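A.B. asks: The following block contains a protein sequence and its predicted model.
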Amino acid sequence: QVQLVESGGGLVQAGGSLRLSCAASERTFRGATMGWFRQAPGKERDYVASISWDDGRTRYADSVKGRFTISRDSAENTVYLQMNSLKPDDTAVYYCASSSWTGPVVARANAYDYWGQGTQVTVSS
């Protein structure tokens, strides 16, 4: 049963851009907030950004502020992560997830109910 599907990962040179997409197969699975997390080899899964479906409020990790932009298309149940000025440290598997929560708690992975399968982003130096 497919619930959240990411796409758009790939290999890019430092300074380049990528756009990730995450589509919820049904409105049921999109929750109140959609978030992006990333996990590099040997490291914990880290919060990247999130957006509220209701009011579009966005939140970002300090490490990506000013470089990444999260947006949503409510009609398509899809969220996007535009990543600019990419750095080698951005290399990771990127996951989208949906949460029934809003507010600061959405920076925590355990606030999320559904997860996508992940998409690899590799930034070469």
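C.D. replies: Great, that's in hand. Numbers count the residues shown, from 1 in each chain.
A.B. asks: So for this structure, the centremost residue is which one?
C.D. replies: With distances taken as C-alpha atoms, centre = their mean, residue 36 lies nearest the centre of the chain, 2.1 Å away.
A.B. asks: Helix or strand for the residue nearest to that one when sequence neighbours are not counted, just tell me which one.
C.D. replies: Leaving aside its chain neighbours, residue 36 sits nearest to residue 48 (4.2 Å; criterion: C-beta to C-beta, 6 or more residues apart in numbering). For the C-beta atoms, the positions are set from N, CA and C on the backbone; glycine is no exception. Assessed by DSSP states H and E, residue 48 sits inside strand 45-52.
A.B. asks: what are the pairing partners of that strand, and which direction each?
C.D. replies: strand 33-39 (antiparallel), strand 58-60 (antiparallel) (DSSP bridges).
A.B. asks: TSV please, covering these and showing distance to residue 99 and mean pLDDT.
C.D. replies: Converted to TSV, the strands paired with strand 45-52 look like this (distance: least, C-beta to C-beta, whole Å; pLDDT from 0 to 100):
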stretch	distance to residue 99	mean pLDDT
strand 33-39	5	97
strand 58-60	12	97
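A.B. asks: Dump the ones you listed to a markdown table, plus distance to residue 82.
C.D. replies: Shown next, in a markdown table, are these (distance: least, C-beta to C-beta, whole Å):
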| stretch | distance to residue 82 |
| --- | --- |
| strand 33-39 | 11 |
| strand 58-60 | 12 |
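A.B. asks: Out of those, which gets nearest to residue 96?
C.D. replies: Comparing the strands paired with strand 45-52 by their distance to residue 96 (C-beta to C-beta), the top pick is strand 33-39, with 5.6 Å.
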